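K.L.:
My questions concern the predicted model and sequence given below.
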Amino acid sequence: MNRSVLISGCSGGGKSTLLAELGRRGHAIVEEPGRRIVKQELESNGTALPWVDMVAFARRAIGMATADHASAKGQAGWTFFDRGLIDAASALQHLTGEPVLQKLSTAYRYHQTVFLTPPWPEIYTSDPERRHGFDEAIAEYDRLAPTYPTLGYEVVVLPKITVADRADFILDHLEAKE
């Protein structure tokens, strides 16, 4: 069974906080490629930033997500990903028209169930790594939400509940699938 679980959805919807909770509970977690890239690019005065060169940023995210996926193979328990390859490939395809999504999503599969954080304006904030507004976050969510089912994934939209309850919800759902 594939135990690599994607948590995707709206930017600012609580993914990183949720992954931190799953990590505190002893599960392997993988930080969002985009946040890691932004930190690296800001430290090195690089230009592969979403507000400077989104195509270069998406290509770097694909490379990082591919490496993350490979390193999680063979893990005994669940590994939870804050975004992943499909998010990055979807962005690149949206920007350039390059048909990368189907090819990459076939070669690198995640668990059949993908959890999405819906737009949640009450918790949305911007920060040094997230400079876009809530409208842009919603547009990204609206692009991603229908993408996963077309690639053969079951999508479960997470309820707007406490972080601990969201973690319980995910673990209960995955346990029921085993």
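P.N.:
Happy to help now that I have it. Residues are numbered from 1 along each chain as shown.

K.L.:
CA only for contacts and neighbour counts going forward, please
P.N.:
Noted.

K.L.:
Trp51: neighbour count?
P.N.:
With neighbours defined by other Cα atoms under 10 Å, the count for Trp51 comes to 11.

K.L.:
Report the residue spans of the protein with pLDDT below the cut-off.
P.N.:
Along the chain, segments meeting pLDDT under 70 span 121-132.

K.L.:
ok, which stretches of this protein are strands?
P.N.:
Taking DSSP state E, the strands of the chain run over residues 4-9, 28-30, 79-82, 113-117, 154-157.

K.L.:
Can I get those strands in CSV including mean neighbour count?
P.N.:
Below are the strands of the chain laid out as CSV (neighbours: other Cα atoms under 10 Å):
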stretch, mean neighbour count
strand 4-9, 26
strand 28-30, 21
strand 79-82, 24
strand 113-117, 22
strand 154-157, 16
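
K.L.:
Just send the ones you listed back as CSV, with distance to Leu92 too.
P.N.:
CSV is the format used below for the strands of the chain (distance: least, Cα to Cα, whole Å):
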stretch, distance to Leu92
strand 4-9, 16
strand 28-30, 21
strand 79-82, 18
strand 113-117, 20
strand 154-157, 21
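
K.L.:
So which of those is nearest Asp168?
P.N.:
strand 113-117 (12.7 Å; Cα to Cα).
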